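Asks: Can you look at this prediction? I've put the sequence above it.
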Amino acid sequence: MLTLYIAKGCFLQITGAMSYTNNQPPTFEDKFFDVRQMISEFNMHYETKFTPSWLNCLKESMSSRLNQHYPGFMYVPCKPHPSGNEYHSIADGDQGKPIM
């Protein structure tokens, strides 16, 4: 229970002022605008801090969603739950360590 630590109104004011980007919104609809800069910084961090081995293992997974207006919603007919968001994770095949 969050209300044991902070009042709901105060929590909503704080989270309402938080932002993941300092870029100006584009003139077109971009459902990922709020997190696009964070994703870009994450990718640049991986480019500088990680050197993959010659063998990588990729896993695809599907997070089912009932709302087709969810950002990134897609339909992948070969999946057991074909509607939702598709995610990828990768691991170093030599050392077995997860990469992402």
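Replies: Alright, I've got the coordinates. Worth saying up front: this structure is predicted, and the values here are computed from it rather than measured.
Asks: Can you name the next helix or strand after the helix ranked longest in the chain?
Replies: Secondary structure assigned by DSSP state H gives helix 33-49 as the longest helix of the chain. Remark: after helix 33-49, the chain's next helix or strand is strand 56-64, criterion DSSP states H and E.
Asks: helices or strands next to that following strand in the packing?
Replies: Secondary-structure packing of strand 56-64 (3 or more Cβ pairs under 8 Å, 6 or more residues apart in numbering; DSSP states H and E): strand 83-92. No exception for glycine: its C-beta is placed from N, CA and C like everyone else's.
Asks: The strand it packs on - what's its average pLDDT?
Replies: What strand 83-92 shows for mean pLDDT is 79.
Asks: Could you measure from the closest residue to residue 2 other than its chain neighbours over to residue 38?
Replies: Among residues not flanking residue 2 along the chain, residue 11 sits closest, at 6.6 Å (Cβ to Cβ, 6 or more residues apart in numbering). The gap separating residue 11 from residue 38 is 21 Å, by Cβ to Cβ, to the nearest Å.
Asks: what secondary structure does the residue nearest to residue 2 sit in?
Replies: The assignment at residue 11 comes out as helix when based on DSSP: H, G, I helix; E, B strand; the rest coil.
Asks: Hmm, it is touching residue 4, no?
Replies: No. Using Cβ atoms under 8 Å as the test, residue 11 is too far from residue 4 to be in contact (11.8 Å).
Asks: that older thread, tell me the average confidence for the longest helix of the chain?
Replies: pLDDT averaged over helix 33-49 gives 86.
Asks: just checking, what packs against that helix?
Replies: So helix 33-49, by 3+ Cβ pairs under 8 Å, 6+ apart, packs with no helix or strand.
Asks: what about the closest residue to residue 20 other than its chain neighbours, neighbour count?
Replies: Leaving out its chain neighbours, the residue that sits closest to residue 20 by Cβ to Cβ, 6+ apart is residue 38, at 4.8 Å. Counted with other Cβ atoms under 10 Å, residues neighbouring residue 38 total 12.
Asks: Equivalent analysis for residue 91, please.
Replies: Neighbours of residue 91 (other Cβ under 10 Å): 16.
Asks: ok, now residue 17?
Replies: The burial count for residue 17: 7, using other Cβ under 10 Å.
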